[in-house]
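Peer 1: Got a predicted model here, sequence first, then my questions.
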Amino acid sequence: MILAGYYMIGIKENNSIPIKLIPEAEKWYKEAVKWCQKAADLGSIEAKLCLGYMCSIGFSILHYDPQKAKKWYKEVIDTIEKAEATDKKATEENATNEVTENASKELVRIATRNVALLYHNSYVIKPFEWKNFVKITKLNELTFKKLTKQKLELAIKWYKKSCELGDSQSAYNLGLLYENDQKIKNKSEAEKWFKMAVQFDNNNLYAKAKLGRILINKGNSDENEKMEGIEMLKYAAENGLVMGQTFLGEAYERGQIGEKINDKEAIKFYFKAAKQNRGYYSHVAQLRLRDFRASNKILAGEEDIENVIKIYVEELKYYYDGKEKMLKNIH
């Protein structure tokens, strides 16, 4: 396992930009897989988990094998569950057993979540190319709708299993599915799972930002819930989360914090998100700053903001083909 880690660190340190992989990187990847395999053959559960991860991300398309990944993850789960059943019959619980049991549960939790992610990704990205997840002998045995529906159901099933083990990320991903997926969209379910994600991990900034925005926008929220939502947004924003900063800027712009609209605070938090330039929520913030600038709420000559707006123009062309529709309604 140590040797496998050594080779994986080599890949990470020498290849911070994935599109510029040096020739040695593939060799290191293969070495990491080889040593993980040796450790797995000797019974290392951690090595099996690592092999599942490496197969699920792949060094390249040649090494990418979600079917093998699922096999490794399920082997982790099955091995630990069998061992736990044997231990309960053979020994009484003591402090040492409790530590071991907690470590085992952690591995099962991660493996279970990763199985869910494999099904989720196959549902979202390439439903017909990920044939390893749903066995069919002929393409017309299942319609496209049925195939994707089945994978969605499997993803939800495995996420819920992981949530039974207290996995915050799985609860968050379920919240996202219920918030955005047209087949199962359900605001109450989304709120429920975001809440659960925060309960499992109070430092899950993404879940706090999502839940915070839901609470301040809910029509039937009482003042306590709204205040709780505001605090969650502030916490996420102050800890540097772009999504949290954009949501907080939006709340100030709408007058949802304090007694009236506060453009100054809105601009402050939009700028924090915009200057990070890290994907969708940064782009939303950049658009809002541009609109503030167009309405003269930001004066000309503020160099930092002007630079952010210039970045936005380029990002809009590259990521959205110059179309702003997707950025106008924050989700």
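Peer 2: Yep, that arrived.
Peer 1: Go ahead and confirm Ile214 touches Trp193.
Peer 2: No - judged on Cβ atoms under 8 Å, Ile214 makes no contact with Trp193 at a distance of 10.9 Å. Every C-beta, even on glycine, is put in place using the N, C-alpha and C of the backbone.
Peer 1: neighbour count winner among those two?
Peer 2: Counted by other Cβ atoms under 10 Å, Ile214 and Trp193 do not tie: Trp193 has more neighbours, with 27 against 21.
Peer 1: Just want to check the distance between that one and Cys50.
Peer 2: For Trp193, the distance to Cys50 equals 28 Å [Cβ to Cβ, to the nearest Å].
Peer 1: Also Asn180?
Peer 2: In terms of Cβ to Cβ, Asn180 sits 31 Å off from Cys50.
Peer 1: Which of those two has more residues huddled nearby?
Peer 2: Shown here are Asn180 and Cys50; by other Cβ under 10 Å, Cys50 has more neighbours (24 against 11).
Peer 1: Could you check the pLDDT of the more buried one?
Peer 2: pLDDT recorded at Cys50 is 92.
Peer 1: now the closest residue to it other than its chain neighbours: how far from Ser44?
Peer 2: Spatial nearest neighbour of Cys50, chain neighbours left out: Cys36 (5.0 Å); criterion: Cβ to Cβ, 6 or more residues apart in numbering. In this view, Cys36 and Ser44 are 8 Å apart by Cβ to Cβ.
Peer 1: quick one: which of the two has more around it?
Peer 2: Cys36 (27 against 16).
Peer 1: give the contact list for Leu165.
Peer 2: 105, 108-109, 112 (Cβ atoms under 8 Å, 6 or more residues apart in numbering).
Peer 1: From the residues you listed, which shows the smallest pLDDT?
Peer 2: Ranked by pLDDT, those bottom out at Lys105, which has 88.
Peer 1: ok, now how distant is that one from Ala69?
Peer 2: Lys105 is 21 Å from Ala69, by Cβ to Cβ.
Peer 1: For these two, indicate the residue with more neighbours.
Peer 2: Ala69 (23 against 14).
Peer 1: Quick one: classify that one as helix, strand or coil.
Peer 2: helix (DSSP: H, G, I helix; E, B strand; the rest coil).
Peer 1: Identify, by residue count, the longest helix of the chain.
Peer 2: In terms of residue count, the longest helix belonging to the chain (DSSP state H) is helix 95-124.
Peer 1: Quickly list the domain ranges of this protein.
Peer 2: 1-82, 115-126+143-200 (automatic domain parsing).
Peer 1: rank those by mean pLDDT and give me the bottom one.
Peer 2: domain 1-82 (a mean of 78).
Peer 1: quick one: that one to chain centroid distance?
Peer 2: 20 Å (Cα atoms, centre = their mean, to the nearest Å).
Peer 1: can you dump the C-alpha coordinates of the helix or strand where the residue nearest to Cys50 lies into PDB?
Peer 2: Using DSSP states H and E, the element containing Cys36 is helix 23-41. Listed next in PDB are the C-alpha coordinates belonging to helix 23-41 (Å, rounded to 0.1, in the frame of the first residue of the first chain):
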ATOM      1  CA  PRO A  23       4.900   9.800 -20.300                       C
ATOM      2  CA  GLU A  24       6.100   8.500 -16.900                       C
ATOM      3  CA  ALA A  25       2.700   9.200 -15.400                       C
ATOM      4  CA  GLU A  26       1.000   6.200 -17.000                       C
ATOM      5  CA  LYS A  27       3.900   4.000 -15.900                       C
ATOM      6  CA  TRP A  28       3.400   5.300 -12.300                       C
ATOM      7  CA  TYR A  29      -0.400   4.600 -12.500                       C
ATOM      8  CA  LYS A  30       0.300   1.000 -13.600                       C
ATOM      9  CA  GLU A  31       2.800   0.600 -10.800                       C
ATOM     10  CA  ALA A  32       0.200   1.900  -8.300                       C
ATOM     11  CA  VAL A  33      -2.400  -0.500  -9.500                       C
ATOM     12  CA  LYS A  34       0.100  -3.400  -9.400                       C
ATOM     13  CA  TRP A  35       1.100  -2.700  -5.800                       C
ATOM     14  CA  CYS A  36      -2.500  -2.200  -4.700                       C
ATOM     15  CA  GLN A  37      -3.400  -5.500  -6.400                       C
ATOM     16  CA  LYS A  38      -0.600  -7.200  -4.400                       C
ATOM     17  CA  ALA A  39      -1.900  -5.700  -1.200                       C
ATOM     18  CA  ALA A  40      -5.500  -6.700  -2.000                       C
ATOM     19  CA  ASP A  41      -4.300 -10.300  -2.700                       C
END
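Peer 1: Perfect, I'm done here.
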